[in-house]
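J.: 3D, please:
(chains A, B, C and D)
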Number of protein chains: 2
Amino acid sequence: MSEDLEELAGRYRDILRQAVYLLRSIDAEGELSTSQVSTLNMLASQPLRVGAVARFAGIRVPSATEQVIKLESAGLVQRTPDDSDARAVLVRLTEDGRKALAQANKRRNADVAAALATLSEEERGAVKNALPAIGKLNAALKS
Amino acid sequence: MSEDLEELAGRYRDILRQAVYLLRSIDAEGELSTSQVSTLNMLASQPLRVGAVARFAGIRVPSATEQVIKLESAGLVQRTPDDSDARAVLVRLTEDGRKALAQANKRRNADVAAALATLSEEERGAVKNALPAIGKLNAALKS
DNA sequence: CGCTCATAGTTAGGTAGTCTAACAATGTGG
DNA sequence: CCACATTGTTAGACTACCTAACTATGAGCG
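T.: Predicted coordinates:
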């Protein structure tokens, strides 16, 4: 029983390990990096403080600062003061950032979609069904 | 239809992104790193050439060389000449390496198993069912 | 008010793990 | 036996993280 859980855990870890490689492998030349895409994706729906970016990304605040500064130099985000708290910095997408993000997401999704297309209908269904559970699992591991 | 595929692809990428963080988060102080565990796991069943390590890990040969050298310094693997080809180097686990690997896997699996335990039976089933398909997907993306 | 303590972010300096380019050594096939 | 291919290492660079130390602002309390 707990035996089974550990066995499943092992197989799950294996798959995850491969997936990490995979994520890297769909990076492309001269395009946004995976972490940059992640950061921009978070900002797509609303501006966030640097601290919130860090929390969502699962990284420390100084690392988030660094990412944000890099994106700012590239003109993809803007840093503006938070009117309600002069210590805080709001990070928001620029128009260029929104465009770059859309393009990067499009290309990446196309790559993954092509791979999904090689699966059987049943396999795709299995993946689809597992996504919410994996999300929950990720959250559980975060704490 | 292809629309659905891209949408699924997007959600899948999201989950994967989180999983990367997750993999890092179960690293622990003064223990083997995730990539070291990966490398050692490959060697658990049989010795491999440096090139094979690189291929399996999805990294370039120089990166594999570096990993192997680091593991060798730690006494966890041995590099021995390949009798059938003097250019090649066979990497094999030492006894210490086998022990360290077992311990690291045990702790990591326990962490993941604890998270799995928070899911419902149904959710766990969904994860389990998806693993083969995700593996196939990983393979498809690799090419 | 004016301290003190907490919170938000940045800066500085360091590490792990990857990459490409260039090289050495060995194997292989005309 | 010579040219080309293959295997691995070395050198040098980069990204993305980390911790520690700092600055600036906010908030609670006497």
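J.: so the closest residue in space to A:Leu137 that isn't next to it in sequence is in which element?
T.: Once flanking residues are discounted, A:Leu137 sits nearest to B:Ala115: 5.3 Å by Cβ to Cβ, 6 or more residues apart in numbering or on different chains. Backbone N, C-alpha and C define where each C-beta goes, glycine included. For B:Ala115, the host element (DSSP states H and E) is helix B:95-117.
J.: near DNA strand C, anything from that helix?
T.: No: Helix B:95-117 is not in contact with DNA strand C by Cβ under 7 Å from any atom of the strand; minimum separation 11.9 Å.
J.: where along chain A do the helices fall?
T.: In chain A, the helices defined using DSSP state H lie at A:2-25, A:34-43, A:50-57, A:61-73, A:95-117, A:121-142.
J.: could I get the ones you listed as a markdown table with mean neighbour count and mean pLDDT?
T.: Output for the helices of chain A, formatted as a markdown table (neighbours: other Cβ atoms under 10 Å in any protein chain shown; pLDDT from 0 to 100):
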| stretch | mean neighbour count | mean pLDDT |
| --- | --- | --- |
| helix A:2-25 | 18 | 84 |
| helix A:34-43 | 21 | 94 |
| helix A:50-57 | 18 | 95 |
| helix A:61-73 | 16 | 97 |
| helix A:95-117 | 17 | 94 |
| helix A:121-142 | 18 | 91 |
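J.: how much space between the residue nearest to A:Leu76 when sequence neighbours are not counted and A:Pro47?
T.: The spatially closest residue to A:Leu76, leaving aside those adjacent along the chain, is A:Gly97, at 3.4 Å (Cβ to Cβ, 6+ apart). Counting by Cβ to Cβ, to the nearest Å, the separation of A:Gly97 from A:Pro47 is 11 Å.
J.: check A:Arg17 too.
T.: 34 Å.
J.: now the longest strand along chain A: mean pLDDT?
T.: Using DSSP state E, we find that the single longest strand of chain A is strand A:85-93. Average pLDDT, strand A:85-93: 97.
J.: neighbouring contacts of it?
T.: For strand A:85-93, the surrounding residues in contact (Cβ atoms under 8 Å, 6 or more residues apart in numbering or on different chains) are A:40, A:43-44, A:47-51, A:53, A:68, A:76-82, A:101.
J.: in its sheet, what does it sit against?
T.: strand A:48-49 (antiparallel), strand A:77-82 (antiparallel) (DSSP bridges).
J.: so which of these is the most packed in?
T.: strand A:48-49 (a mean of 19; mean count of other Cβ atoms under 10 Å in any protein chain shown).
J.: find the centremost residue of chain A, please.
T.: The residue lying closest to the centre of chain A (Cα atoms, centre = their mean) is A:Ser38, at 3.4 Å.
J.: how far away is A:Ser38 from B:Arg49?
T.: Taken as Cβ to Cβ, the span from A:Ser38 to B:Arg49 is 35 Å.
J.: now swap in A:Glu122 and tell me
T.: For A:Glu122 relative to B:Arg49 (Cβ to Cβ), the value is 37 Å.
J.: returning to what we had before: how far off centre is the longest strand of chain A?
T.: Distance, stretch centre to chain centre, for strand A:85-93: 21 Å (Cα atoms, centre = their mean, to the nearest Å).
J.: in that strand, what counts as buried?
T.: Going by neighbour count (16 or more other Cβ atoms under 10 Å in any protein chain shown), the buried part of strand A:85-93 is A:89-91, A:93.
J.: what's around the closest residue to A:Arg107 other than its chain neighbours, how many residues?
T.: Using Cβ to Cβ, 6+ apart and skipping the chain neighbours, the partner closest in space to A:Arg107 is A:Ala28 (6.9 Å). Neighbour count for A:Ala28, taken as other Cβ atoms under 10 Å in any protein chain shown: 12.
J.: okay, A:Ala28 and chain B: tell me how far apart.
T.: Here the criterion is Cβ to the nearest Cβ, to the nearest Å. By it, A:Ala28 lies 13 Å from chain B.
J.: A:Glu72 is in contact with the residue nearest to A:Leu76, correct?
T.: No: between A:Gly97 and A:Glu72 there is no contact under Cβ atoms under 8 Å: 9.6 Å.
J.: quick check: closest non-adjacent residue to A:Gly135.
T.: Nearest to A:Gly135 is B:Ile15, by Cβ to Cβ, 6+ apart, at 6.0 Å.
J.: which bits of chain A sit near DNA strand D?
T.: Proximity of chain A to DNA strand D is confined to A:33-36, A:57-60, A:62-63, A:66-67, A:70, A:85-87 under the rule Cβ under 7 Å from any atom of the strand.
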